[in-house]
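Colleague: output the structure for:
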Amino acid sequence: MAKIIIDKSMLAKFLVTVIVVGSVGYYALYTFWPTAPISTIKPLDIPASSLPESSVAVPELEESVRDYFVEHRMERERERSQRIELLREVVNNVNSSHETRSKAQMEMIEVAAQREVELYVERLIVGKGFADAVVFFGPVGAEIIVKAESLSEPQALQVADVVTTVGGIKLQNVRVRFRK
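Modeller: Predicted coordinates for the structure are as follows:
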């Protein structure tokens, strides 16, 4: 029978990471998310002829503006999923050494933690009054794109402060841009 060796320091780091990520995710989800999940909100089937004449028509956003933030989130998630899949292959490969598997498992945990932090930061930025935001964390820095007509220096510093506080990144490594 094979003996399983558990590295206690790695297990402790894993448990702390899971607790922190779970807490941050729970807080972000229930603090900044709409009261009903988007998937449960159903459009009303009201014929246009029954609407009062005084109803306001909401103009459609341009396709490029409407999809910009969604597309970037989807691309970020696609890349992350590919990375996780490669790490899973390393973990499940019987020819991988114990050390390699451990590193791959820790990297998978870091990827999950980064996902939670990005979502949390995006919700905090939206909570600051911006229509939308997308955050990209790199190896040493972060790039944030907010949906706004313009971006003043105090607004950019406010966004950067959220990233430095939550993401633990130095201010000089944070880049804030806007997109209409």
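Colleague: shaky segments in this structure?
Modeller: 1-6, 10-12, 14-16, 18, 20-66 (pLDDT under 70).
Colleague: which parts of it are strands?
Modeller: 133-137, 142-147, 174-179 (DSSP state E).
Colleague: okay, those in TSV with mean neighbour count and distance to M106 next?
Modeller: In this view, the C-beta of every residue, glycine as well, is placed from N, C-alpha and C. Output for the strands of the chain, formatted as TSV (neighbours: other C-beta atoms under 10 Å; distance: least, C-beta to C-beta, whole Å):
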stretch	mean neighbour count	distance to M106
strand 133-137	21	17
strand 142-147	21	21
strand 174-179	17	25
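Colleague: tabulate those strands in TSV, adding columns for distance to K103.
Modeller: Supplementary listing: the strands of the chain in TSV, determined by distance: least, C-beta to C-beta, whole Å:
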stretch	distance to K103
strand 133-137	19
strand 142-147	24
strand 174-179	28
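Colleague: so which of those comes closest to E99?
Modeller: Closest approach to E99 among the strands of the chain (C-beta to C-beta): strand 133-137, 25.8 Å.
Colleague: so what strands line up beside that closest one?
Modeller: Sheet pairing for strand 133-137, assigned by DSSP bridges, gives strand 142-147 (antiparallel).
Colleague: contact partners for the closest residue in space to R179 that isn't next to it in sequence?
Modeller: Excluding the flanking residues, the one nearest R179 by C-beta to C-beta, 6 or more residues apart in numbering is I145, at 5.6 Å. Residues in contact with I145 (C-beta atoms under 8 Å, 6 or more residues apart in numbering) are 69, 72, 133-134, 177-179.
Colleague: tell me the spacing between I145 and L86.
Modeller: Distance, I145 to L86, using C-beta to C-beta, to the nearest Å: 27 Å.
Colleague: again with M74
Modeller: Using C-beta to C-beta, M74 is found at 19 Å from L86.
Colleague: and V146, by the same measure?
Modeller: When C-beta to C-beta is applied, the distance between V146 and L86 equals 31 Å.
Colleague: repeat for V162
Modeller: Applying C-beta to C-beta, the value for V162 to L86 is 31 Å.
Colleague: of these two, which one has the most company?
Modeller: Taking neighbours as other C-beta atoms under 10 Å, V162 and L86 compare with V162 leading, 22 against 12.
Colleague: just give the closest residue to the more buried one, not the sequence neighbours.
Modeller: In space, V162 is closest to L124, 4.9 Å off (C-beta to C-beta, 6+ apart).
Colleague: my guess is that neighbour contacts T164. True?
Modeller: No. Applying C-beta atoms under 8 Å, one finds L124 not in contact with T164, separated by 11.9 Å.
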